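1. just coords:
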């Protein structure tokens, strides 16, 4: 594998780690209604477990309300059960084929707890980035051992790998700062 192809692959993997972290953050409730809160919600409908997006549409008419419009009246009860079982802590209000979720404002203690959760998820993302670096580091060692690259090339590639790792870790830190600010905003 050429150095260019190797680093393209590494960058792609690290980018996936950052995107996964961003997705984790989207599912954390901040006191503001966003359809992303329901992205991970799965509903027992039609004899199988399906994502909410496949059985209903989600909209936000205002900053504190989510409206779920079921496409089939028969799944409204299943959606309600899925919301009640989830860790969202929201109470569904059913009105025909629509379900309203009112997102209550967060108290100070809950905000601090959520910041801790964000930091934990961020650390998991950083660990994933470092694991990609570690595997790439091992690959470079193997290439050096097999005589595919020289010592100088190995050294240069190691430095490039570290710079890339630092860049993606910094991206995760920026995500944390943004999410923390969003959570602590009253």
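-> Everything's here; your move. From a predicted model like this one, the values you see are computed outputs, not experimental measurements.
2. CA only for contacts and neighbour counts going forward, please
-> Fine.
3. Which element, helix or strand, includes the nearest residue in space to residue 11 that is not next to it in sequence?
-> The shortest distance from residue 11 to any non-neighbouring residue, by C-alpha to C-alpha, 6 or more residues apart in numbering, is to residue 164 (7.4 Å). Using DSSP states H and E, residue 164 falls within helix 151-184.
4. what helices or strands is that helix leaning on?
-> For helix 151-184, the packing partners by 3 or more C-alpha pairs under 8 Å, 6 or more residues apart in numbering; DSSP states H and E come out as helix 3-26, helix 108-145.
5. need those in CSV with mean neighbour count and mean pLDDT, can you?
-> Listed next are the helices and strands packed on helix 151-184 as CSV, based on neighbours: other C-alpha atoms under 10 Å; pLDDT from 0 to 100:
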stretch, mean neighbour count, mean pLDDT
helix 3-26, 17, 89
helix 108-145, 17, 90
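6. need those in a markdown table with distance to residue 151, can you?
-> Output for the helices and strands packed on helix 151-184, formatted as a markdown table (distance: least, C-alpha to C-alpha, whole Å):
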| stretch | distance to residue 151 |
| --- | --- |
| helix 3-26 | 14 |
| helix 108-145 | 7 |
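7. check contacts around the residue in the chain sticking out farthest from the centre.
-> In terms of distance from the mean C-alpha position of the chain, residue 147 ranks first, at 39.9 Å (C-alpha atoms, centre = their mean). Not one residue lies near residue 147 by C-alpha atoms under 8 Å, 6 or more residues apart in numbering.
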